[in-house]
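A.B. asks: Test case, fold it:
(chains A, B, C and D)
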Number of protein chains: 2
Amino acid sequence: MSTAEETTGGEVEPWEEVTPDAARRLLVAAVEAFAERGYHATTTRDIAGRAGMSPAALYIHYKTKEELLHRISRIGHDKALDILRTAARREGTAKERLADAVSSFVRWHAGRRTTARVVQYELDALGPEARAEIVALRRQVDAEVRGIIEEGVTAGEFDVLDVQGTTLAVLSLCIDVARWFNVDGPFTPEEVGALYADLVLRMVGAK
Amino acid sequence: MSTAEETTGGEVEPWEEVTPDAARRLLVAAVEAFAERGYHATTTRDIAGRAGMSPAALYIHYKTKEELLHRISRIGHDKALDILRTAARREGTAKERLADAVSSFVRWHAGRRTTARVVQYELDALGPEARAEIVALRRQVDAEVRGIIEEGVTAGEFDVLDVQGTTLAVLSLCIDVARWFNVDGPFTPEEVGALYADLVLRMVGAK
DNA sequence: GCCGAAGCTGAGCGAGCGCTTAGCCTGCCT
DNA sequence: AGGCAGGCTAAGCGCTCGCTCAGCTTCGGC
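C.D. replies: Okay, here's the model as predicted:
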């Protein structure tokens, strides 16, 4: 509602907040490489090569390979949280807001699958401090979804056995889209978003 | 029904099919290390050390580090498929069989989380031939779940919009348990299994 | 037209990787 | 008692990793 996120699952064109241009090219290259092979299997030579630079150029813009992952993870979690907050705080019934949250969250995980993959599955490669920062963001993500479900239960819109467990399951379902979604597969991000919104409404017993 | 899988989510004591003893100890050590740090971040020295052996001992029982992962993945997928098949082919309504399949599949992913983590999330570290073999097993896993759902729809027990998409979502939900489940967390494997069986029955509109 | 800062490269360092090899025990067959 | 096959280790090979550094180019300010 507030921002322009109509067509696919995500932003207009991402990473525009990363400057200068060379730093952004390196970061985009790192996202692709991390998503394809995983953080530990990706070499700094590979990242620099994809960005059309020598291996040494990476260290002008980033202190370490881990800082690249940290920046990607931070920006990605901020974006994911923003998507959920936008849906959670619009006007409407809990049912409408939950459906909106799930469909837009899923569209992002499918449409920007490479980014989401890195964001959701490479957390363990971060050091303790960076990981703690990201874990705090994840708790906020959890709180947004739990909030909608609790409101739906209070309002009598939902019928849920275990709010915390159901919240976990809903988020888990959405996040795992980044693992299995295939651009060449039978579904578009929009289709998965719509299907998953329906499934989640069933899970919470929406009337 | 056929085997003894009552209490937790899995087997009596696993890896008993791996012989000799030294090979099993190395494999168990590899499962722990891969689950903790991921395949690429685990060193052969670490695996051998956990098994109380020198790095060279690993290569008496396994040709490469990748062969270790392949063996783990193969045995784990066989076990997961066996769990689903047992539930799918017992007697009862589609609703009963789906609930049984989901709860036992989830109990395995939670109770044997370290194994499940390696099995489900390190597929990409395998070479082309090994990966192809595992992907074939995954298709059989998908077929078992889709079979139950299709039978439920045909029998008028379920109300499903998209059978393939719902199958994917159900499996995705169960598999992702291996990512978030924490032994020190608020749930036991049995609780998650029961909760998830209920959620999945809601997803398929079980009457 | 000169100068210094910023961006980048070629070459390479120290470390740790997967894996190999030579040789040492141990226990079983004869 | 002797021989030998299998299980294991100490040492280390060749390689690639993350990262560094001296020096080259480019370009705006004066």
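A.B. asks: residue boundaries of the strands in chain A?
C.D. replies: For chain A, none of the segments meets the definition of strands by DSSP state E.
A.B. asks: Give me the domain ranges for it.
C.D. replies: Following automatic domain parsing, one gets these domains for chain A: A:14-62, A:72-203.
A.B. asks: anything in the longest one near DNA strand C?
C.D. replies: No: on the criterion Cβ under 7 Å from any atom of the strand, domain A:72-203 is out of touch with DNA strand C, staying 14.7 Å away. In this view, the C-beta of every residue, glycine as well, is placed from N, C-alpha and C.
A.B. asks: swap in the first one?
C.D. replies: Yes: under the criterion of Cβ under 7 Å from any atom of the strand, domain A:14-62 makes contact with DNA strand C via A:20, A:22, A:48, A:52-57, A:60-61.
A.B. asks: Can you flag the buried ones in those residues?
C.D. replies: A:48, A:53, A:57, A:61 (16 or more other Cβ atoms under 10 Å in any protein chain shown).
A.B. asks: To what extent is A:Gly111 buried, counted in neighbours?
C.D. replies: Applying other Cβ atoms under 10 Å in any protein chain shown, we find 22 residues neighbouring A:Gly111.
A.B. asks: how long is stretch A:57-69 from one end to the other?
C.D. replies: Start and end residues of stretch A:57-69 are separated by 17 Å (Cα to Cα, to the nearest Å).
A.B. asks: contact partners of that stretch?
C.D. replies: For stretch A:57-69, contacts defined as Cβ atoms under 8 Å, 6 or more residues apart in numbering or on different chains pick out A:20, A:22-23, A:26-27, A:30, A:34, A:39, A:42, A:44, A:47-48, A:51, A:71, A:118, A:122, A:125-127, A:130.
A.B. asks: one step back: and the domains of chain A as CSV, adding distance to B:Lys207?
C.D. replies: What follows is these, written out as CSV (distance: least, Cβ to Cβ, whole Å):
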stretch, distance to B:Lys207
domain A:14-62, 41
domain A:72-203, 13
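A.B. asks: Surely A:Ala155 and A:Thr93 touch.
C.D. replies: Yes: contact criterion Cβ atoms under 8 Å: A:Ala155 and A:Thr93 qualify, at 7.5 Å.
A.B. asks: of the two, who's got more company?
C.D. replies: A:Thr93 (14 against 11).
A.B. asks: can you pull the pLDDT of the more buried one?
C.D. replies: For A:Thr93, the pLDDT comes out at 95.
A.B. asks: ok, A:Ala35 - contacts?
C.D. replies: If a contact means Cβ under 8 Å, 6+ apart, then A:Ala35 has A:113-115, A:117-118 as its contacts.
A.B. asks: Which ones among the residues you listed map onto helices?
C.D. replies: Members of those lying in helices (criterion: DSSP state H): A:113-115, A:117-118.
A.B. asks: just to revisit the earlier point, next, give me the two most distant ones among the residues of domain A:14-62 next to DNA strand C.
C.D. replies: Using Cβ to Cβ, those reach their maximum pairwise distance at A:Pro20 and A:Pro55, which is 18.8 Å.
A.B. asks: How far off centre is the lengthiest helix in chain A?
C.D. replies: Longest helix in chain A by number of residues (criterion: DSSP H): helix A:128-154. A distance of 13 Å separates the centroid of the chain from that of helix A:128-154, by Cα atoms, centre = their mean, to the nearest Å.
A.B. asks: From the contact counts, what lies against that helix?
C.D. replies: Helix A:128-154 is packed against helix A:65-88, helix A:94-111, helix A:163-175, with contacts defined by 3 or more Cβ pairs under 8 Å, 6 or more residues apart in numbering or on different chains; DSSP states H and E.
A.B. asks: Enumerate the residues of chain A near chain B.
C.D. replies: A:37-38, A:40-41, A:121, A:124-125, A:161-162, A:164-166, A:168-169, A:172-173, A:175-177, A:179-180, A:186-187, A:191-192, A:195-196, A:198-199, A:202-203, A:205 (Cβ under 8 Å from any Cβ of the partner chain).
A.B. asks: Filter those residues down to just the buried residues.
C.D. replies: Those of the residues of chain A next to chain B that meet the buried threshold are A:38, A:40-41, A:121, A:125, A:162, A:165-166, A:168-169, A:172-173, A:175-177, A:179-180, A:187, A:192, A:195-196, A:198-199, A:202-203, by 16+ other Cβ under 10 Å.
A.B. asks: how far away is A:Arg97 from B:Gly147?
C.D. replies: Distance, A:Arg97 to B:Gly147, using Cβ to Cβ, to the nearest Å: 36 Å.
A.B. asks: Around DNA strand D, which positions in chain A sit nearby?
C.D. replies: Residues of chain A found near DNA strand D (Cβ under 7 Å from any atom of the strand) are A:42-45, A:55-56, A:59, A:63-66.
A.B. asks: from those residues, which would you call buried?
C.D. replies: A:42, A:44, A:65.
A.B. asks: in terms of contact, does the second one touch A:Ser54 like I think?
C.D. replies: It stands for A:Thr44. No: counting by Cβ under 8 Å, A:Thr44 stays clear of A:Ser54, with 10.4 Å between them.
A.B. asks: before we move on, back to that, may I see the ones in helices among the contacts of A:Ala35 organised as JSON lines, with neighbour count and pLDDT added?
C.D. replies: What follows is those, written out as JSON lines (neighbours: other Cβ atoms under 10 Å in any protein chain shown; pLDDT from 0 to 100):
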{"residue": "A:Arg113", "neighbour count": "20", "pLDDT": "95"}
{"residue": "A:Thr114", "neighbour count": "16", "pLDDT": "96"}
{"residue": "A:Thr115", "neighbour count": "27", "pLDDT": "96"}
{"residue": "A:Arg117", "neighbour count": "21", "pLDDT": "96"}
{"residue": "A:Val118", "neighbour count": "26", "pLDDT": "97"}
